[in-house]
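Student: Structure for this input, please:
(2 chains)
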Amino acid sequence: MVGKIAELAQLQIRESEIDKVIEKMNQVLDLVEEMQAVDTSGIEPMAHPLDATQVLRADEITESNQRAQFQEIAPETQDGLYLVPRVVE
Amino acid sequence: MPHKRTISQLRTALDTGEFSAEELTRHYLDRIASPSNQYNAYITVTADAAIEAARRSDQERAKGPVGSLSGIPIAHKDIFCTEGIKTSAGSLMLDNFIAPYNATVVEKLSDAGAVMLGKTNMDEFAMGSSNENSYYGHVTNPWDTSRVPGGSSGGSATAVAARLCAGATGTDTGGSIRQPAAFCGVTGIKPTYGRISRWGMIAFASSLDQAGPLTQSAEDAALMLEVMAGYDARDSTCIDTKVPDYSHSLGNSIKGLRIGLCREHFEEGMDSATEQTTLDAISEFEKLGAIISDVSLPNSKHAVSAYYVIAPAECSANLSRYDGVRFGYRCDAPANLQDLYKRSRSEALGEEVKHRILVGAFVLSAGYYEAYYRKAQQIRRLIKNDFLEAFKSVDILLGPTTPGPAFKIGEKTDDQISMYLQDIYTIASNLAGLPAMSIPAGMTSGLPTGVQLIGNYLEEARLLNAAHQFQQQTNWHKMSPPEGDI
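Tutor: The predicted structure follows:
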């Protein structure tokens, strides 16, 4: 189970740490378990405190191209592209 | 000594020419560098840029009217992006991250003339209540250096308490402004969710995160908040309503102000010093003419549970951006793309951050969403409804900020639940999105204690007014720890 979660989260867990990781996760899940006893039938989940809705802006270009500036802080780039290890052989 | 003064007093001194902004800034920089003031409060000190900004302020002042915070030396929590300056969020992941733009909060304070002294230490990605989760080492509490300053805005709280800046910015997702403010004896306010733009503020849990100031007094908090607040089209959750003149209403009488006490907090029992602080604050407010009554917030007891589902869930989504590709840490010699993602993240994120990402990934995973995230969001509405019901009969709520005063460094590092329960009194207002503040209200065994005031939506002015009136009658906010040699 924890292996699957780590995969979803793209994290590595060392073999020696698995027990501790599981124990800590279980502590949190035990803590939040009491929620299940609360009657929430018919209660609308709350996403924004003021129930604000997404504002739409006019479909106009407002951003300028800042690629060079943003790529200055990238680990590895070439010709305006971000480099990663080869994906397709 | 200028550092003893509040922002309000410093403004007068700068206006009357008692000293220049450059002299003031140099004084703070000397204090920050002094061996007697080493609390690890700052991750980065921007001395040259600060002196340059102070000189600009002096030049502008010579010409005419200046911004409301012109020449006032402040510090930013290292979670706010600062153009050309490292913005680490307390993480190795962003140790090499030079932000390409300024956060809205940074921009607004800079436009008002504030001088940035540097970036303050914090729990990694704002996850923590003790500042022990920083890649840059823990911050110490200036009242007792064997104790924590609280977190996650511990560097900012310490910097204000030790008078290493006149005011500082912080962020609060579950108590991260108010709890360190209480531990360090300073004033801190988390405004209504959406009152301040989150643009350029590194995200932890987007539906809870909110910025705010930490200062010596409520008057100073008002001065900073009126600059920081306001609509920003770049944050779609930002509220588009006028920012009141918070300073203007500070002097109003609070005779007849209806203050509610959460009955459940008292019934469940409190630490004796915490209870005493709260009772003393109640009697001060009564002297000021406030009317005290009980209210019930029956669902607030579920706040910690709902929070430890919602916050990790949103953190796991937000922190998926740290993948070693576009910015931040990248592992050495990745074997393939998967290896690059996994090792970059695993090597550069701290234990607590990884733990919360895992919890978040679990509660959002297929088959668990309904039982956890959806359930927590429903409880969130129940908590909000309780508050709305309470605000029908009272104007503000009063209670403790924290379960006790600052604890020892290392005392809770092996007991995460005890650490999480630090925020038991503060979390509910984040879940509801309500404004809340902590003000100094007592001392116990040489350590400051605070009380929390919670207001209805967008009623920051009422909170600041009540806090200011309290501070006209008490001296807790004027107390400071040993102040060093300079």
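
Student: Name the helix or strand for B:Ser438, please.
Tutor: strand B:436-444 (DSSP states H and E).

Student: in that strand, what's buried?
Tutor: Of the residues in strand B:436-444, B:Ala436, B:Met437, B:Ser438, B:Ile439, B:Pro440, B:Ala441, B:Gly442, B:Met443 count as buried by neighbour count, 16 or more other C-beta atoms under 10 Å in any protein chain shown. C-betas here are computed from N, CA, C, even on glycine.

Student: Which SSE is immediately downstream of the lowest-mean-pLDDT helix or strand in chain A?
Tutor: Least confident helix or strand of chain A, by mean pLDDT, DSSP states H and E, is helix A:67-71 with a mean of 93. Using DSSP H and E, the next helix or strand after helix A:67-71 towards the C-terminus is strand A:77-78.

Student: Are the least confident helix or strand of chain A and chain B in contact anywhere?
Tutor: Yes - using C-beta under 8 Å from any C-beta of the partner chain, helix A:67-71 reaches chain B at A:Gln69, A:Phe70.

Student: what helices or strands is that helix leaning on?
Tutor: When contacts are defined as 3 or more C-beta pairs under 8 Å, 6 or more residues apart in numbering or on different chains; DSSP states H and E, helix A:67-71 sits against none of the other helices and strands.

Student: Could you export that helix as CSV, CA atoms only?
Tutor: Extracted in CSV, the C-alpha atoms of helix A:67-71 (Å, rounded to 0.1, in the frame of the first residue of the first chain):
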residue,chain,number,x,y,z
ARG,A,67,11.2,32.2,-21.3
ALA,A,68,14.8,33.4,-21.2
GLN,A,69,14.3,34.8,-17.7
PHE,A,70,12.5,31.7,-16.4
GLN,A,71,15.1,29.4,-17.9
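
Student: In chain A, what residue lies closest to chain B?
Tutor: A:Pro49 (2.4 Å; C-beta to the nearest C-beta).

Student: surely that residue meets B:Leu434?
Tutor: Yes - with contact defined as C-beta atoms under 8 Å, A:Pro49 and B:Leu434 form a contacting pair (7.4 Å).

Student: any residues in contact with both of the two?
Tutor: B:Thr192, B:Tyr193, B:Tyr457 (C-beta atoms under 8 Å, 6 or more residues apart in numbering or on different chains).

Student: could you measure the second one against chain A, distance?
Tutor: In other words, B:Tyr193. 5 Å (C-beta to the nearest C-beta, to the nearest Å).

Student: What about that residue, how many residues nearby?
Tutor: By other C-beta atoms under 10 Å in any protein chain shown, the residues close to B:Tyr193 number 26.

Student: where does it land in three-state SS?
Tutor: At B:Tyr193 the chain is in coil, as set by DSSP: H, G, I helix; E, B strand; the rest coil.

Student: nearest residue to it other than its sequence neighbours?
Tutor: Nearest non-adjacent residue to B:Tyr193, counting by C-beta to C-beta, 6 or more residues apart in numbering or on different chains: B:Gly433, 3.4 Å away.

Student: list the contacts for that neighbour?
Tutor: B:Gly433 neighbours (C-beta under 8 Å, 6+ apart): A:His48, A:Pro49, A:Leu50, B:Thr192, B:Tyr193, B:Gly194, B:Lys384, B:Tyr457.

Student: Okay, strands next: where are they in the chain?
Tutor: I went with chain A, as the question did not name one. A:77-78, A:81-82 (DSSP state E).

Student: actually chain B
Tutor: B:42-45, B:73-77, B:115-120, B:167-172, B:187-190, B:210-215, B:258-262, B:291-295, B:396-400, B:436-444, B:447-455.

Student: And the average pLDDT for the fourth one is what?
Tutor: In this model, strand B:167-172 has a mean pLDDT of 98.

Student: Spatially nearest residue to B:Ser320, not counting backbone neighbours?
Tutor: A:Gln10 (7.4 Å).

Student: Run a quick neighbour tally on the one you found.
Tutor: Count around A:Gln10 with other C-beta under 10 Å applied: 20.

Student: what pLDDT does it get?
Tutor: Confidence score, pLDDT, at A:Gln10: 98.

Student: residues in contact with it?
Tutor: So A:Gln10 contacts B:Ser320, B:Asp323, B:Gln338, B:Tyr341, B:Lys342, B:Arg345 (C-beta under 8 Å, 6+ apart).

Student: What are the phi and psi values at it?
Tutor: For A:Gln10, the backbone dihedrals (degrees, to the nearest 10) come out as phi 50, psi 50.

Student: Before we move on, what's the pLDDT of A:Glu89?
Tutor: 72.

Student: does B:Val106 really touch B:Ala75, like I thought?
Tutor: No - in this structure, B:Val106 is not within contact of B:Ala75 by C-beta under 8 Å, at 11.3 Å.

Student: Please identify which of those two sits among more neighbours.
Tutor: Between B:Val106 and B:Ala75, counting by other C-beta under 10 Å, B:Ala75 is the more crowded of the two (32 against 25).

Student: in the stretch 1-150 of chain B, which spans are helices?
Tutor: B:7-16, B:21-33, B:47-63, B:104-111 (DSSP state H, counting those that start in this stretch).

Student: Tell me which of these approaches chain A most closely.
Tutor: Among those, helix B:104-111 sits nearest to chain A (C-beta to the nearest C-beta), with 15.4 Å.

Student: Please state the mean pLDDT value computed over stretch B:346-366.
Tutor: 97.

Student: How about B:Ala89: what's its closest non-neighbour residue?
Tutor: B:Ile202 (4.7 Å).

Student: Against B:Pro73, how distant is that neighbour?
Tutor: Distance, B:Ile202 to B:Pro73, by C-beta to C-beta, to the nearest Å: 23 Å.

Student: Pick out whichever of the buried residues of strand B:436-444 sits closest to chain A.
Tutor: B:Ala436 (12.4 Å).

Student: Let me know how buried residue 58 is, in neighbour terms.
Tutor: Using chain A. A:Ala58 has 5 nearby residues by other C-beta under 10 Å.

Student: meant chain B actually
Tutor: Neighbours of B:Asp58 using other C-beta under 10 Å come to 20.

Student: isn't it right up against B:Gly71?
Tutor: Yes - in this structure, B:Asp58 is within contact of B:Gly71 by C-beta under 8 Å, at 7.0 Å.

Student: picking up where we left off before, and the helices of the stretch 1-150 of chain B as TSV, adding distance to chain A and mean pLDDT?
Tutor: As requested, those are exported to TSV (distance: least, C-beta to the nearest C-beta, whole Å; pLDDT from 0 to 100):
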stretch	distance to chain A	mean pLDDT
helix B:7-16	29	97
helix B:21-33	27	98
helix B:47-63	19	98
helix B:104-111	15	98
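
Student: For those, could you give me TSV that also reports distance to A:Gln71?
Tutor: Output for the helices of the stretch 1-150 of chain B, formatted as TSV (distance: least, C-beta to C-beta, whole Å):
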stretch	distance to A:Gln71
helix B:7-16	39
helix B:21-33	34
helix B:47-63	24
helix B:104-111	23
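
Student: Of all the ones you listed, which one is nearest B:Phe285?
Tutor: Between B:Phe285 and the helices of the stretch 1-150 of chain B, the tightest spacing by C-beta to C-beta is seen for helix B:7-16, at 22.4 Å.

Student: residues of the closest one that come out buried?
Tutor: Buried residues in helix B:7-16 (16+ other C-beta under 10 Å): B:Ile7, B:Ser8, B:Gln9, B:Leu10, B:Arg11, B:Leu14.

Student: Which pair in the residues you listed has the greatest spatial separation?
Tutor: Farthest pair in the buried residues of helix B:7-16 (C-beta to C-beta) is B:Ser8 and B:Leu14. Separation: 11.2 Å.

Student: Looking at the buried residues of helix B:7-16, which one is closest to B:Ile357?
Tutor: Ranked by distance to B:Ile357 (C-beta to C-beta), the buried residues of helix B:7-16 are led by B:Ile7 at 37.9 Å.
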